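Participant: sharing a model prediction with you, sequence too.
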Amino acid sequence: MYMIKHIHHILICMGESHKMKDKKKLIIASVAVLIILIGGIIFKRYNSINSKVTSKNTRVIQEEQKGSNFIEEKKEEKKKKEKKKEEVKKKEEEKKEKKKKEEETTSNKVKQNSNISSTSPKKKEVGNKKTVYIRVEGYNKTFIPRTKVTTGVFDLNSYLSPATGSSATASKGWGADKFKEPTNAHALVKLLESKGLNKGSDYDFQDYGWGLYIAMIGGNREFDYRSTSGWMYRVNNVLPNVGCQGRAIKDGEEILWYFGAYGFDTLVTEMSVSTKTLKVGEPITVTLNGIKNEINTWKEFREPAKGATIYANGSPLKAVTDNFGKATIKFSKAGTYKLSAERINSSNLKDLVRPEPITVIVK
């Protein structure tokens, strides 16, 4: 309606201005004006639609670019994560390789000095001497098999290193005058030194002031595998409630030093066999039992060591202990076999201590 009025107004103006009497010319002029107006409206609408399409296309392109950038960022982030994972894996492998070399170094030193008597002191000993038997079990291997050690009291200071823990206090020293009888600390130092192991590189015996603490032997250091990992000792398979410097040794005692990945929850094992002499093809039953203590109450727990693999002369057999800690094995060849056991849990960690090996003879 508005458009018709507008055209009518234009026609009137044109009629008054030019005094056109010819109606035919007037109609032609009106049609021309109408076409111009309609064309203008169409052109305007076209520009508007085109602008919207262009804007929409621009947004689509921007969104596509944004999506493409997001994908690229994700790819880059994935690459970084994979690279970091590879770096962590490489460091872990390097760490394991380093530990393996340290363990091998310790084992080689022990083998080289296997014939050296552990009764030969490097320092002057005083007081009554005691004789005990010590075994040192590392995480991956036996560092020192059961060995006879005879020792008296001697100055421990030169074998000690500064404490690395926050609970350390000022030390007054650990000279011979501090002890009335030789302790587990004296026996262990005597054993390690007699096997050619050196302070710092092969063992780390730390002075906390209030006590002494074994932080490392043969590359196995506290906290290596878990926050509870570390060295512990048992006497006649009983866990003392004092540090190694606080307990005097007695003749004939069996002392086990072991690295426990799970600390107090590490199962210390004992092995027994149904027979020590058998024929080829004859079955033999191996029984493996474990013991551990509760950290707060010191209460002792005993249980069958189930799921452990039996070893013969250092090689695993196809024999795993059942729920009662038992496994039956047979030998196809005559010979002498040294039996032991290990167990790896679902976290890929060794959670028990190898037992004192038992030798069986197959005829």
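Facilitator: Received it, and whenever you're ready, just let me know what you need.

Participant: mind checking which helix or strand the residue most central in space within the chain is in?
Facilitator: Nearest residue to the geometric centre of the chain (C-alpha atoms, centre = their mean): residue 225, 4.9 Å. Applying DSSP states H and E as the criterion places residue 225 outside every helix and strand.

Participant: so it is in contact with residue 138, correct?
Facilitator: No. Using C-beta atoms under 8 Å as the test, residue 225 is too far from residue 138 to be in contact (11.9 Å). The way it works is simple: take the backbone N, C-alpha and C, and place the C-beta from them, glycine included.

Participant: what sits closest to the residue nearest to the centre of the chain if chain neighbours are left out?
Facilitator: Leaving aside its chain neighbours, residue 225 sits nearest to residue 261 (4.4 Å; criterion: C-beta to C-beta, 6 or more residues apart in numbering).

Participant: was I right about that neighbour contacting residue 139?
Facilitator: Yes. With contact defined as C-beta under 8 Å, residue 261 reaches residue 139; the gap is 6.3 Å.

Participant: can you pull the residues that touch both of the two?
Facilitator: 224, 225, 350 (C-beta atoms under 8 Å, 6 or more residues apart in numbering).

Participant: distance check, the last one against residue 180.
Facilitator: The gap separating residue 350 from residue 180 is 38 Å, by C-beta to C-beta, to the nearest Å.

Participant: now do residue 362
Facilitator: Distance, residue 362 to residue 180, by C-beta to C-beta: 49 Å.

Participant: for these two, indicate the residue with more neighbours.
Facilitator: residue 362 (19 against 10; other C-beta atoms under 10 Å).

Participant: what's near enough to touch the more buried one?
Facilitator: Contacts for residue 362 (C-beta under 8 Å, 6+ apart) come out as 278, 279, 280, 331, 333, 334, 335, 336, 337.

Participant: outside of stretch 295-306, which residues touch it?
Facilitator: 238-239, 241, 263-264, 267, 269, 288-294, 321-326, 341, 343, 352.

Participant: got a quick PyMOL command for the buried subset of those residues?
Facilitator: To isolate the buried ones among these in PyMOL, judged by 16 or more other C-beta atoms under 10 Å, type:
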select buried, resi 239+263+267+269+288+289+290+291+292+293+321+325+326+341+343+352
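
Participant: hmm, back to that, closest one of the contacts of residue 362 to residue 168?
Facilitator: residue 337 (46.4 Å; C-beta to C-beta).

Participant: in the sheet, who's paired with the closest residue to that closest one other than its chain neighbours?
Facilitator: In space, and not counting its chain neighbours, residue 337 is closest to residue 312: 4.6 Å by C-beta to C-beta, 6+ apart. Beta-bridge pairing for residue 312 (DSSP bridges): residue 315, residue 339.

Participant: so where do the helices sit in the stretch 51-200 of the chain?
Facilitator: With DSSP state H, counting those that start in this stretch as the criterion, the stretch 51-200 of the chain has helices at 184-194.

Participant: tell me where it is predicted with low confidence.
Facilitator: 51-68, 70, 92, 95-96, 99-100, 102-104, 107, 111-123 (pLDDT under 70).

Participant: rerun that using 80 as the cut-off
Facilitator: Low-confidence segments of the stretch 51-200 of the chain, defined by pLDDT under 80, span residues 51-123.
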